[in-house]
Every structure is written in C-alpha cells, then in structure tokens.
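Novice: Make a model of this:
(one chain, ligands or ions: 1)
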Amino acid sequence: MAAAGPAARVSGSRALRPSRARASRLQRWLMLLAAAAAAAGPRAGCAARLYRAGEDAVWLLDSGSVRAATTNSSAAWLVQFHSSWCGHCIGYAPTWRALAADVRDWGAAIRVAALDCAEEKNQEVCRTYDIHFYPTFRYFKAFAKEFTTGENFKGSDRELRTVRQTMIDFLQNHTEGTRPPACPPLDPLQSSDILSLINSRGGRYEAIVFESNGSYVGREVILDLIAYENIMVSRALDGDRAFLETLGISSVPSCYLIYPNGSHGPVTIAKPLRAFFSSYLKSLPGVRKKSLSLPEKPNKEENSEIVIWREFDRTKLYTGDLESGLHYLLRVELAAHKSLAGAQLKTLRDFVTVIAKLFPGRPPVRKLLETLQEWLTNLPLDRIPYKAILDLVNNKMRISGLFLTNQIKWVGCQGSRPELRGYSCSLWKLFHTLTVQASTHPEALVGTGFEDDPQVVLQTMRRYIHTFFGCKECGEHFEEMAKESMDSVKTRDQAVLWLWRKHNAVNSRLAGHLSEDPKFPKVPWPTPDLCPACHEEIKGLDSWNEGHVLTFLKQYYSSDNLVDKYSADLSNPSDRGALPRGQEEGEGLTAPGKSWRDRGAESFHPPHVLGPRTTLPESLHHRLDLRLQSPRGPGAHEEAEAAAPFLGIGFSSLDMSLCVVLYVASSLFLMVMYLFFRVRSKRWKVRLYHPSV
Ligand SMILES: Cc1cc2nc3c(=O)[nH]c(=O)nc-3n(C[C@H](O)[C@H](O)[C@H](O)COP(=O)(O)OP(=O)(O)OC[C@H]3O[C@@H](n4cnc5c(N)ncnc54)[C@H](O)[C@@H]3O)c2cc1C
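Specialist: Numbering: from 1, shown residues only. A predicted model of the protein is given here:
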C-alpha cells in the first residue's frame with residue numbers, strides 16, 4: 001500500500017560533514033542552497049509536520065496516497081485529518097503516536113493514519129473528503145468499492161483506550177464478506193465451539209480468552225496476535241458458569257490454552273490484563289511474528305530539513321505574517337468549503353468588507369481585497385462556489401495591480417519548530433491590527449453600514465472563527481469568551497482592549513501546553529521590555545496601566561509599524577506568482593528604494609496606459625457573474641485562464657482568436673488585391689505595346 005512519508009523535503013545532512021580542504025567550497029555551496037531555499041520560502045507543505053515517517057508508527061497519507069489507501073484496501077483505516085498549526089492537533093499528537101504504536105500489530109486488519117490538511121498540496125483532497133475542522137477522525141472500511149468520505153468517529157472522548165475500543169467496534173461492523181481477511185472473527189465462541197476445538201488437533205495453539213460481556217480484552221488480544229504465526233486466539237463470554245467450572249476457570253478475564261499436541265488447560269497469568277495475556281502468548285515456543293508491511297522508513301537524508309531562520313525585530317509587525325496569513329485564510333482555510341451560502345456567505349461577506357476597508361498592507365493586496373469585497377457585495381447570488389472566489393484571489397481575470405502572495409513566509413510568526421506558531425499567530429495579529437485600524441481610522445468604514453458599530457471587528461472575527469477557523473475547539477473557547485463579555489464593548493478603543501485581554505487569557509490558559517513554542521513562551525503581553533509604561537506595581541503586584549497598553553497597541557498594530565522585509569518581493573518572478581503577465585514583463589511595481597507605503601495607494605502606477613482602477617469594471621462584474629450562472633458552472637472559469645492583459649483589460653482567448661482571424665483575412669485580402677492589379681497592369685502593357693494583337 002502506498003502510504004507516503006512526508007514529501008518535498010530539502011535534503012542535505014550528508015553534505016554537512018565536509019573535509020577541511022573542501023570546507024570553503026562546500027560552505028559556499030551550502031550558502032547558495034540556503035539562499036535558494038530562502039528565496040523559495042518554506043511552503044506550508046514542507047514546513048509543518050506533526051508525524052514523521054520512520055519514527056512514528058502512524059501511516060502518513062497525502063493527496064497522492066489517501067484515495068488508493070482507503071479504497072478497496074484489504075485493511076480498514078482510521079485517518080486523522082489534522083492541521084499542523086492547530087494547537088489541539090499538536091496537543092493530541094502524542095496520543096495519536098502512542099495509539100499507532102500500541103496497535104502497530106493490528107496493521108493487517110486496521111491502520112492508524114494521519115493526513116495534514118495544512119499542506120497546500122493536500123487542501124483539494126481535504127475538501128473532497130469534506131473536512132472543515134481539525135482534527136477530524138474518519139473510519140474507512142476495508143474493500144470499499146467506491147470513493148467514500150468515511151465514517152465519523154463516534155467515541156465519547158478521544159482518550160487512547162476509547163479510540164482503540166471504537167476501532168474494534170468498527171471492525172466488528174464489517175459485514176462477513178468485507179471483513180479484512182487478516183482479522184479473525186471477533187464475536188464470542190459458544191461452549192460447543194470450544195469443545196470441538198478441544199477435540200480437534202489443529203497443529204497450532206488455540207487460545208481462548210474468557211471475559212465478561214462488555215470487556216474488550218479478548219478482542220484486543222485477538223488483534224495483538226494476528227501478526228503471529230502458529231497461534232489463533234478467540235474469545236468466549238462467562239455466561240455458562242458450569243462450563244467454565246469444568247474447564248477450571250474461576251475468574252475472568254482469563255485464558256485457556258489448547259497446545260499443538262492436543263493437551264489443554266487454563267493459563268496462569270500474573271495480572272489479568274491485555275498486555276500480560278498478549279505477551280505470554282507471543283512468547284510461546286513456536287509462535288513467530290509474520291513479516292508485516294509497516295510505514296516505510298524514508299531515506300534519512302530525505303528526512304532532514306533545512307529550516308531557515310529569518311532574523312526579526314519583536315517590536316515590529318511584519319507584512320510577511322499578515323500576507324502569508326491572508327494567503328492561507330483565502331486559499332487554504334476557505335478551500336475546505338465547496339460553496340458558500342446563507343449565514344456562511346454573509347459571514348464571509350462581512351469579514352471581507354472589514355478587512356478590505358481596514359487592512360493596512362500593501363496596495364496590491366488592498367486592491368485585491370477591495371475587488372473581492374465589491375464582487376461579493378454586488379453579486380446577486382445566494383450561493384457562491386469557492387472556486388469562483390479562488391479565481392478572483394488568484395486574479396485569473398488579470399486585472400492590473402492586484403496581488404496576494406501565494407507563498408508562506410512567516411517572520412514574526414516563525415516557530416522554532418516547523419509545526420509551531422504560523423497561521424494562528426498571524427490570525428491574532430490580523431485581528432489586533434483590524435481593531436486598531438477601526439479605532440484610529442473609523443472613516444474607513446463609512447458607507448459599509450458598519451460605521452456606527454464599535455464591535456464590528458470583534459463580531460466579524462467571532463463569526464469568522466466560529467464558521468471557518470479550522471481549530472474547532474479554539475472556536476468554541478473563543479465563543480465562550482465572546483458570549484461572556486463582548487456585548488459590554490461600547491467604544492472602538494474598548495474593542496482594542498477587549499481583544500488584548502482575551503488574547504492574554506488564551507495565552508495564560510495555553511502556557512505549558514504542547515503547542516507552546518519554548519522560544520516564544522506564553523506570557524502576559526506586552527512584556528515589560530516591549531512596553532515598560534504598560535506595567536506598574538500596585539501594592540507589590542505587577543498590574544497593567546491600560547491607558548498605556550492602548551497607546552502601545554495602537555502604535556504596535558499601526559501601519560507605520562509594518563515592515564515589508566522578507567515579504568514577497570514583486571520584482572522577483574517566483575514571488576509574484578499570481579501577478580498579471582503585463583506586470584511581470586514591465587518595470588517593478590515600486591520605484592527602487594521606495595516602499596509601498598511610502599508611495600501610498602494613490603501614487604501607485606502599474607505599467608499600464610490606463611492606470612490602476614480601484615474598482616472592478618461593470619463589464620468584469622458581468623463576466624464573473626455570467627460565469628457563475630453559466631450552465632458549465634464554476635468550471636467556466638477555466639476560460640479566464642486564457643485571458644491576457646492589454647491596457648489593463650482582460651481579453652479572453654476568443655477575443656484573441658478573433659483578432660488573429662481578422663488579421664489573416666485582411667492579409668489574404670490585400671494579397672489577392674495585389675495579384676489582381678498586377679495581372680491587370682500586365683494586360684494593359686501588352687495591349688499598349690502590341691495594339692494589333
Ligand atoms: C481566536 C483564537 C483562539 C485560539 N484558541 C486556542 C485554544 O483554545 N487552544 C489552542 O491550543 N490554541 C488556540 N489558539 C492558537 C493559540 O492562541 C496561538 O495562536 C498558537 O499557540 C501560537 O502561539 P504564538 O506563540 O505564536 O502566539 P500567539 O498567541 O498566536 O500570538 C501571536 C502574536 O501576537 C502578539 N500578542 C500576544 N499576546 C497578545 C495580546 N494579548 N494582545 C495583542 N497581541 C498579542 C505577540 O506578538 C505574539 O507573538 C487560538 C488562536 C486564535 C486565533
């Protein structure tokens with residue numbers, strides 16, 4: 001079975017032991033390698049990993065292997081669809097690893113797997129499997145003939161023992177013909193079955209675990225031994241007391257053993273526990289482990305990653321974090337929804353309106369957000385396929401001056417390990433920035449219908465988190481806090497402080513949690529070194545001066561504190577990704593030495609004759625709307641891929657083909673006219689010089 005380990009790793013551990021003579025050359029080579037990797041930037045995919053092939057017993061699936069693994073497989077699967085930035089997934093990873101190791105020997109019957117939906121290459125597959133929140137646990141039966149999204153895990157909790165027992169229930173739910181061949185019958189034997197086992201000489205060990213109804217020990221021991229030859233384990237219930245007495249069994253759970261030579265009797269085991277039964281049976285003479293196909297151990301070199309650390313200033317806010325977060329939010333998190341309608345669509349509309357008006361970043365990003373907002377607001381549809389939103393975010397219509405990086409480059413949100421921080425950090429930063437912008441630039445919301453609402457950012461955030469944030473538990477915790485006190489917010493400044501307070505409450509709840517980055521401990525923020533004035537001592541106790549905290553937050557999350565260092569460089573083709581072709585070929589979008597903010601949105605001049613348009617033209621609205629309504633549905637957007645920019649207007653391939661046809665037709669016409677007049681002039685000449693002819 002093709003279960004893939006983590007893919008796309010930058011390898012190089014062997015090259016890290018150069019001989020002295022070659023050291024300088026190798027060092028240069030490594031620097032080049034690092035520079036190349038830095039230029040490419042760690043994508044979400046390569047960056048974050050909770051499980052490691054070869055180290056964990058977890059089967060690692062990805063977009064290339066999940067379908068083949070879960071369709072028509074000889075084993076059942078339990079797959080955890082997770083996201084490596086999600087704190088709950090990080091916190092749960094040790095349990096999942098322990099479970100996979102605990103049931104490693106059950107692999108021929110049922111497998112414990114993981115698929116990281118945070119990896120961009122997996123986002124399509126996570127959408128196909130209808131994964132909206134992380135972690136989501138799904139069972140897949142063996143021998144499923146057709147594609148299925150699996151069955152949801154229905155345990156009362158996610159403790160290791162509960163999950164293990166639900167795996168057994170799931171195996172028992174297979175019908176006779178579809179049960180994994182490696183899985184022996186799990187239903188209890190009757191007394192008559194046991195008697196016939198005693199009377200027949202099978203030439204192998206037959207172990208019977210006697211237990212009470214409701215006990216899982218027997219089934220666990222059965223599965224523990226499926227990887228072993230020369231032994232078969234069954235189970236029986238303790239209902240027939242008289243029969244148990246004839247076998248010499250006085251308590252349950254206990255084990256009765258029939259030896260290959262036909263002798264039989266109860267087994268004395270120190271403690272009536274699964275591990276004791278299994279270990280005793282595995283160590284019987286002649287019982288051997290079969291060779292098992294287990295998760296592959298990848299090449300050690302492939303397993304090593306180069307993590308490039310970007311030095312940054314903790315007093316600054318980085319465009320790279322906000323833009324990478326927006327990219328993840330719009331292209332990965334929303335992608336979990338095939339289409340949006342009703343309350344979901346309203347939540348997205350309001351959310352996009354708020355960021356479009358308040359996002360303080362670079363003009364092309366703001367322009368993209370404004371375009372998206374106008375389109376969402378004016379669209380007369382009550383259901384929008386996500387693909388249409390993605391087309392706009394990817395600027396498939398090639399409207400000039402729109403751009404959002406499609407690479408992840410965390411700066412202030414870097415983690416000391418790839419799976420730490422990242423997206424959730426950037427989301428906090430985005431929302432703090434929005435509350436501050438709403439307070440310092442309230443005029444930005446005029447005309448949106450939100451201008452008089454001091455809670456607008458908080459309520460929009462609340463609905464976004466509740467509806468779309470992949471970490472469901474985080475959303476639930478946040479909702480509890482919102483219910484408690486969000487309504488008490490009466491001014492925009494209070495909104496800034498409310499979010500700051502609640503974020504600190506989350507920080508203190510998560511201090512010491514597995515998702516805490518040791519390099520970025522969860523302490524009350526801002527720390528005294530960042531803002532000395534924010535802290536005072538009242539009666540010997542460190543206390544906040546909220547007036548100073550507000551001033552600090554307004555400065556820290558202001559556009560003046562935004563630094564573009566490390567963010568997508570628009571003069572670098574690999575960074576531009578979705579930029580219109582005209583911009584790729586023209587001069588850079590910013591004058592050398594000037595930042596986007598220095599120039600401002602008004603002074604921004606893309607290299608097009610018509611100059612920038614901050615609004616989407618009517619015709620373009622019309623085109624996008626037509627595409628959405630077209631019977632070909634969102635697929636019709638592919639047509640837009642062929643569009644090319646000219647004077648800032650997107651021409652479709654049809655337009656271009658018509659131009660070519662007209663060009664060829666007019667050339668032919670001119671040639672025919674030329675030949676016609678040549679022939680005529682020859683005839684005149686002949687008549688002129690030979691009048692008698
Ligand atoms: C709404 C929401 C709810 C969450 N709930 C949970 C949860 O229940 N369980 C869980 O495991 N994870 C949760 N998370 C994730 C968690 O809060 C962190 O984002 C994650 O652990 C990464 O932490 P971090 O070290 O990057 O710092 P983060 O807490 O993400 O903070 C990011 C940055 O914001 C700044 N900052 C820190 N504190 C404040 C503050 N009080 N005010 C303003 N700025 C501040 C700092 O510069 C910091 O580096 C939640 C995330 C969000 C967005």
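Novice: List the contacts of the residue lying closest to Glu479 once chain neighbours are set aside.
Specialist: The shortest distance from Glu479 to any non-neighbouring residue, by C-beta to C-beta, 6 or more residues apart in numbering, is to His466 (5.7 Å). Quick note: C-beta positions are derived from backbone N, CA and C, even for glycine. Going by C-beta atoms under 8 Å, 6 or more residues apart in numbering, His466 touches 475, 478-479.
Novice: and which of those residues is nearest to the ligand?
Specialist: Checking the contacts of His466 against the ligand by C-beta to the nearest ligand atom gives Phe478 as the nearest, at 4.4 Å.
Novice: Please, which helix or strand holds the closest one?
Specialist: Assigned by DSSP states H and E, Phe478 belongs to helix 472-485.
Novice: which one is the residue most central in space within the chain nearest to, not counting chain neighbours?
Specialist: Closest to where the C-alpha atoms of the chain average out (C-alpha atoms, centre = their mean) is Ala118, at 1.9 Å. Leaving aside its sequence neighbours, Ala118 sits nearest to Ser83 (C-beta to C-beta, 6+ apart; 4.2 Å).
Novice: Is there proximity between the host helix or strand of Leu458 and the ligand?
Specialist: Using DSSP H and E, the element containing Leu458 is helix 456-467. Yes: against the ligand, helix 456-467 shows contacts by C-beta under 6 Å from any ligand atom at Ile465.
Novice: what inclination does that helix have with respect to helix 472-485?
Specialist: Relative orientation of helix 456-467 and helix 472-485, computed by axes from the mean of the first three to the mean of the last three C-alpha atoms, to 10 degrees: 140 degrees.
Novice: for the helix holding Phe478, what is the average pLDDT?
Specialist: Average pLDDT, helix 472-485: 95.
Novice: Render the CA-only coordinates of the strand or helix carrying Ile168 in CSV, please.
Specialist: Under DSSP H and E, the secondary-structure element containing Ile168 is helix 160-172. Output of helix 160-172 as CSV, limited to C-alpha atoms (Å, rounded to 0.1, in the frame of the first residue of the first chain):
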residue,chain,number,x,y,z
LEU,A,160,-6.4,6.3,23.7
ARG,A,161,-8.4,3.5,25.2
THR,A,162,-11.7,4.9,23.9
VAL,A,163,-10.3,5.2,20.3
ARG,A,164,-8.8,1.7,20.5
GLN,A,165,-12.2,0.3,21.5
THR,A,166,-14.1,2.2,18.8
MET,A,167,-11.6,0.7,16.3
ILE,A,168,-12.7,-2.8,17.5
ASP,A,169,-16.4,-1.8,17.2
PHE,A,170,-15.7,-0.6,13.7
LEU,A,171,-14.0,-3.8,12.7
GLN,A,172,-17.0,-5.7,14.0
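Novice: How about the contacts made by the residue in the chain that the ligand sits nearest to?
Specialist: Going by C-beta to the nearest ligand atom, the ligand is nearest to Gly87 of the chain, at 2.2 Å. If you count contacts by C-beta under 8 Å, 6+ apart, Gly87 has them with 424, 471, 474, 510, 513, 515.
Novice: quick one: Arg687 and Arg680, what's the gap?
Specialist: The gap separating Arg687 from Arg680 is 11 Å, by C-beta to C-beta, to the nearest Å.
Novice: Which segments of this structure make up each domain?
Specialist: 46-177, 191-289, 317-563, 652-693 (automatic domain parsing).
Novice: And for Leu257, the neighbour number?
Specialist: 18 (other C-beta atoms under 10 Å).
Novice: Ok, Tyr134 next?
Specialist: Residues contacting Tyr134 under the criterion other C-beta under 10 Å number 26.
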